[in-house]
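In: predicted model and sequence follow; I will ask about them next.
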Amino acid sequence: ARARLTRPPADALRLARFRHRLDDPTLRSDSDVRLCVDWIVQAAAGVQAAHEAGVVHRDLKPSNLFVERGGRVVVLDFGIVSVGEHPTVGSDGSPLGTPAYMAPEQVDGDREPDVHCDVYSLAATLYHLLTGRAPYSGTVPQVLAALARREPAAADRVRPGLPADLVAVLEKGMARAPELRYGSMAEFRDEL
């Protein structure tokens, strides 16, 4: 019997093209923006369920989101979650999490991680998906210093043409002060 060649589904081809072009600064397709937003909306729903169970993820970033073949997003790596009392810094005194995506208040470790940290990190993940780069770059000490002192470049400056309402959602999701961010992952998801 001859092997039958089948064509991958259109969504799989679109996803493969998007992954290949993620680092391309000329990426400008509205459908890709919608796809990124859809992924984050799905991730936000999953993280909201974790929050309702009293769990804060603390390390949301692009590599902790998995897109299944059918397009469903799964949130991975709950390795440093916070459930009630939980240290905010490692044994060496460094903050727990991935610096390029962590909320500013996680840098000093004085505040218990809460939903606002996850809102920031998921907004930072969307920033990366839309712009092709993390909000901050450099060595770990450089990123931590920048995170403690300054805002990242505006997403629409990095990728001109992003919708103004989407940029506003990103800015609120990544506000430096936790009380200025969305109060829950559900609010962030609903705005998206």
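Out: Okay, I see it.
In: low-confidence regions, this structure specifically.
Out: Along the chain, segments meeting pLDDT under 70 span 1-30, 77-97, 109-110.
In: mind checking the longest helix of it?
Out: When the chain is parsed with DSSP state H, its longest helix is helix 30-52.
In: contacts for that helix, please.
Out: Under the criterion C-beta atoms under 8 Å, 6 or more residues apart in numbering, residues 14-15, 18, 21, 56-57, 60, 65, 67, 72-75, 78, 81, 115, 118, 122, 125-126, 129-130, 162-163, 166, 184-186, 188-189, 192 lie in contact with helix 30-52. C-beta: built from backbone N, CA, C; applies to glycine.
In: try it again at 7 Å.
Out: For helix 30-52, contacts defined as C-beta atoms under 7 Å, 6 or more residues apart in numbering pick out 18, 57, 60, 65, 67, 72-73, 75, 115, 118, 122, 125-126, 129-130, 162, 184-186, 188-189, 192.
In: what about residue 152, distance to residue 115?
Out: Distance, residue 152 to residue 115, by C-beta to C-beta, to the nearest Å: 21 Å.
In: please apply the same query to residue 145.
Out: 26 Å.
In: of these two, who's got more company?
Out: residue 115 (23 against 15; other C-beta atoms under 10 Å).
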